[in-house]
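Visitor: model the structure of this input:
(2 chains)
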Amino acid sequence: MTTTTTTSSTRVIRDYDRPLWRRVFVNREFAIIALLVLVTIVAAVSIRGFAQPITANYLLLDVAPILLIALPMTLVMITGEIDLSVGSMVGLASVVTGVLTESGAPFEVAALAALLVGVVGGAFNGFLVTIVGLPSLAVTIGTLALFRGLAVGLLGTTAVTDFPETWTALAKAKIAGTTIPYIVIPFLILLVLFVVLLHFTPFGRGVFAIGLSKDAARFSGVNVERTKFILFVLSGVVAAFAGIFYTLRFGSARGDNATGLELQVIAAVVLGGVSVFGGRGHLHGVVAAVLLIGVLGSSLRLAGVTSDVINIITGGLLIFSVVAASVLAWAQRARAKAGPPLRVAASPAP
Amino acid sequence: MSLTTAPAAAAPAIAKKPGGIGRAREFGILAALVLVVIAATVKNPAFLFSADGWRDLLLTPSILMLVAVGQAIVIITRNVDLSVGSVMGLTAYLTGRLFVDVPGIPIVVVVIAAVLLGAFLGLVNGALVAFAKVPAMVITLGTLYAYRGINVLWTGSDRINASDMPKDFLGLGTQQILFIPVLSIIAVIVLALAAWYLRNTRGGREYYAIGSDPSAAELYGLKVTRRVLSAFILSGALAGLAGVFYAARYGSISSQAGSGWELDAVGAAVIGGIAITGGVGTVWGAAIGAMLLMTINRALPILGIPDFWQRAVVGVLIIGAIVLDRVLAVRQRRQLIEARDES
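Guide: Numbers count the residues shown, from 1 in each chain, chains lettered A, B, ... in the order given. Prediction:
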């Protein structure tokens, strides 16, 4: 899946002798955040109807599943792995919730069972990747089909639409006095948890270490297998949670719910500055990227642009963002070669 | 060049013994395919022994086969092309569009135009991957969206129907020569050419060399950039041809034609024994994988399993195939180590 010859250009080595302000303001994440702010301002000024509080409501409800799943996906991809099965897991969790509710179980029990399915599905991915030692791209293409197949198989083409009013209302409800939906609360909790886990714990440093060099990580005492296994379980269970939310929001459990969501999540994570080679990425960049796609989408839709153009823009943005990084790295190398060696200590010769 | 990731990723790419396990790998899926066909035929003889059944058996997989062969070549170079479904959609619509806009246009011209468009889209992928040095997965994920967007923009809510296309062309989708559908014959010719090229020519072997270890290939002096570029062009061109087939076979093209096919194509290649880490596998395997995927789709309802379960079976197959590959690789490594210790 990856070309190893390119590591020198895409794997940005942190050079800590750069002045602090440059480290904070001249990087991928900041560029995305700046772009997000810029696009939001332009949209608010130029597009009628965008600068309304209700926009925030639709926008957040729309991107919530992507936001949620992008959190564990960021960690998975920093270790250099990938989880393509998340979209199918959303569908499967949705169907499990629906089928159990239909058969008379209380909704809370059904939702809990769906979360459990997420744990089991994630553990299955993790088992195949870490213990059997298979490439995660192949494994999760397999479970992408498997989970989707189970979801469609369990429910066929029918849909369960009978959910307790209190729960479906809650999924769309706004926090009193604002237009912010309640879903941001679990999202913020999860965000804080994942930020702490990734950036402030030995576990998180292990995640980066694995992405940079699996062998080096192992020699320095990181339990590579256990770390990856935990991440796949987290990915599964968060996807299942997103599936429950998805079900409630649309009040409908269907086998084909959220088809293709995995590609949107991965596009957002990559746009947010996570390297598919692993070893590099920040959650704030990813969150900004998801919101950027969301703002672009909703503002263009308000401006009467069709969703196809939005697809072109999403794809173009993704390509541009990765190509720009390599062009920048290439320019940097060219400059370093031409002039006196600027940061010899920090950047190893490519 | 950084060496941090290369050794671990390339580990299972040991050369296979000629004729031994390597051949057994394709034999395994072929056996599975034959088994499915026999089981379905026993249950319902019309599955094989009726004009329609026989034709569907060969015709349905032909389209996916083409896409899977292209995908296999790309994966062998340790890349991946996720945009094939969108490329197919675009070329299928181009096919229909040409017939509508240019009355009386020769079929050959349309086929060439579609293949060229596919090759061009593949060239864009390849150029971005090869020159910008960005992982293929990210680039082709981007072009998956971009190409599909262009497709929807171009098509809109328009839909090209069978009545818009000449009878001769649609006949291509159903015609048979000596009981074998024309499209299948073309697909098998393409397959055989690709297989011969990969197996017997210097260029073909270079794909494997690049996939086994890109840095080593570069050091050895292979033109990695040009080869990777050509793999993507091939994949695009084959997806383009598949788009023509799609138009001829189904006669109805909307903006969503071919969506989701990228995963089927990668799945077929993986089932067929193409290692996702590059350097291993044959296009024969990928083609049989494609046949197996599509045949199971049709066989399940006959075997009394609702076809809703089709994707689940496909998932189990993919996982089974890669686990089997892993087991074979581990066993082979052990044998090689033993052989070394004895000598």
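
Visitor: from here on, just use CA atoms for contacts and neighbour counts.
Guide: Fine.

Visitor: what is the neighbour count of residue 150?
Guide: I went with chain A, as the question did not name one. By other C-alpha atoms under 10 Å in any protein chain shown, the residues close to A:Leu150 number 26.

Visitor: if you could check chain B rather than the one you did, that'd help
Guide: 19.

Visitor: what's the closest non-adjacent residue to it?
Guide: Nearest non-adjacent residue to B:Ile150, counting by C-alpha to C-alpha, 6 or more residues apart in numbering or on different chains: A:Ile312, 6.7 Å away.

Visitor: next, give phi and psi for that neighbour.
Guide: When quoted as degrees, to the nearest 10, the phi and psi of A:Ile312 stand at phi -60, psi -40.

Visitor: for the chain, just list every one of the strands.
Guide: Defaulting to chain A. Secondary structure of chain A, counting by DSSP state E: strands at A:159-160, A:253-254.

Visitor: chain B was what I was after
Guide: Assigned by DSSP E, the strands in chain B fall at B:176-177, B:180-181.

Visitor: out of the ones you listed, which is closest to A:Thr157?
Guide: Smallest distance to A:Thr157 across the strands of chain B (C-alpha to C-alpha): 32.6 Å, for strand B:180-181.

Visitor: how close does the closest residue to A:Pro164 other than its chain neighbours get to chain B?
Guide: Excluding the flanking residues, the one nearest A:Pro164 by C-alpha to C-alpha, 6+ apart is A:Phe107, at 7.2 Å. Distance, A:Phe107 to chain B, by C-alpha to the nearest C-alpha, to the nearest Å: 25 Å.

Visitor: list the contacts for residue 233?
Guide: Chain wasn't specified; assuming chain A. Neighbouring residues of A:Val233 by C-alpha atoms under 8 Å, 6 or more residues apart in numbering or on different chains: A:Gly118, A:Val119, A:Val120, A:Gly121, A:Gly122, A:Ala123, A:Asn125, A:Gly126.

Visitor: actually, chain B is the one I wanted.
Guide: By C-alpha under 8 Å, 6+ apart, the contact set of B:Ile233 is B:Gly118, B:Ala119, B:Phe120, B:Leu121, B:Gly122, B:Leu123, B:Gly126.

Visitor: ok, A:Gly204 next?
Guide: A:Leu197, A:Leu198.

Visitor: ok, it to A:Gly279 distance?
Guide: 11 Å (C-alpha to C-alpha, to the nearest Å).

Visitor: repeat that for A:Gly87.
Guide: 24 Å.

Visitor: and the two? Which one has more around it.
Guide: A count of neighbours by other C-alpha under 10 Å puts A:Gly87 above the other of A:Gly87 and A:Gly279, at 30 against 25.

Visitor: give me the pLDDT for the closest residue to B:Thr174 other than its chain neighbours.
Guide: Closest residue to B:Thr174 apart from its sequence neighbours, by C-alpha to C-alpha, 6+ apart: B:Pro181 at 6.5 Å. In this model, B:Pro181 is scored at 83, pLDDT.

Visitor: spit out the contact partners of the closest residue to B:Ala72 other than its chain neighbours.
Guide: Among residues not flanking B:Ala72 along the chain, B:Ala269 sits closest, at 5.6 Å (C-alpha to C-alpha, 6+ apart). Contact analysis of B:Ala269 by C-alpha under 8 Å, 6+ apart lists B:Ala68, B:Val69, B:Gln71, B:Ala72, B:Val283, B:Gly285, B:Ala286, B:Ala287, B:Gly289, B:Ala290.
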